[in-house]
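> model the following, please.
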Amino acid sequence: MQMNEEQLKKFILESGLVSKADFEEVSKKAEEKKQKVGNILLSEGKISEADLKRIEAHVLGIPFVDLASQKIDFSVLSLIPEPIARNYNIVAYKKSENSLEVAMLLSKNVLG
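All right, here's what the predicted structure looks like:
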């Protein structure tokens, strides 16, 4: 599951998070520096890291979860052993009778 840079660019532009002029300027810089548009937008303060993560998740078709706003019960958190959670950047955050919701950090491996 690799992030398609063109899809990401299209969504950022269509989302209205940045003006078309800013987007074109950043796209040019990204091309010159051989960097990703999202990284340039982030480094120049045009979008927040949370905005970038939301956009990346949307483009990949993955629900975005902000765990900073959630209180996670320790019994749920401990369902995944810490070494596994750290190795795979995952965390169990919600449990119901028949399901366990797990969040993951979008890594550079997933994003391409």
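> any low-confidence regions in this structure?
Residues of the chain meeting the criterion pLDDT under 70: 1-3, 106-112.
> now the closest residue to residue 80 other than its chain neighbours: which helix or strand?
By the measure of Cβ to Cβ, 6 or more residues apart in numbering, the closest residue to residue 80 outside its immediate chain neighbours is residue 92, 5.0 Å from it. Backbone N, C-alpha and C define where each C-beta goes, glycine included. Assigned by DSSP states H and E, residue 92 falls within strand 90-95.
> one more: residue 59?
Going by DSSP H and E, residue 59 is in helix 49-60.
> in that helix, what's buried?
By 16 or more other Cβ atoms under 10 Å, the buried positions in helix 49-60 come out as 51-56, 59-60.
> what of stretch 24-39?
Applying a neighbour-count criterion of 16+ other Cβ under 10 Å, the buried positions in stretch 24-39 are 26-27, 30, 36-38.
> among those, which are in strands?
Residues of the buried residues of stretch 24-39 located in strands (DSSP state E): none.
> ok, the residue nearest to residue 80 touching residue 101?
Yes. Using Cβ atoms under 8 Å, residue 92 is in contact with residue 101, at 7.2 Å.
> neighbour-wise, which of those two wins?
Neighbour count, other Cβ atoms under 10 Å: between residue 92 and residue 101, residue 92 has more, with 18 against 13.
> residues touching that one, list them.
Residues in contact with residue 92 (Cβ atoms under 8 Å, 6 or more residues apart in numbering) are 72, 76-77, 79-80, 85, 100-102.
> just the buried ones out of those residues, please.
Listed as buried from the contacts of residue 92 are 76, 80, 85, 102; burial here means 16+ other Cβ under 10 Å.
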